[in-house]
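Asks: from the sequence below, what's the structure:
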Amino acid sequence: MTTRGFLGATTAENTSESILQATQELLQALQAANDFAPDDLAAIWFTATPDLTAAFPARAAC
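Replies: Just a heads-up that it's a prediction; the model follows:
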């Protein structure tokens, strides 16, 4: 199966725990819905709205 890309969004409170937890849940949901292995990914692009300053979502992917 060739996959070109996925798009997902979530919401979080402006706390490190909330941002990282929401991001992990989103990544797990995308993986479950699309049946891919993390090693199959070439890149992930994380963004956040200006009001979320407590943590950067990419930290959750490590």
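
Asks: any stretches of the chain with poor pLDDT?
Replies: 1, 3 (pLDDT under 70).

Asks: ranges for the helices of the protein?
Replies: 16-34 (DSSP state H).

Asks: and R4, how many neighbours does it have?
Replies: By other CB atoms under 10 Å, the residues close to R4 number 4. C-beta: built from backbone N, CA, C; applies to glycine.

Asks: how about the nearest residue to T23, chain neighbours excluded?
Replies: A60 (3.7 Å; CB to CB, 6 or more residues apart in numbering).

Asks: contacts for stretch 50-62 next, please.
Replies: Contact with stretch 50-62 is made by 12, 14-16, 18-24, 27, 44, 46-48, as judged by CB atoms under 8 Å, 6 or more residues apart in numbering.

Asks: if you set the cut-off to 10 Å instead, what comes out?
Replies: Stretch 50-62 is touched from outside by 10-27, 38, 41, 44-48, with contacts defined as CB atoms under 10 Å, 6 or more residues apart in numbering.

Asks: rewinding a little: for the residue nearest to T23, give its distance to T15.
Replies: 13 Å (CB to CB, to the nearest Å).

Asks: identify the contacts common to those two.
Replies: With CB under 10 Å, 6+ apart as the test, A60 and T15 both reach Q21.

Asks: between the two, which is the more surrounded one?
Replies: More crowded of A60 and T15, by other CB under 10 Å: A60, with 17 against 12.
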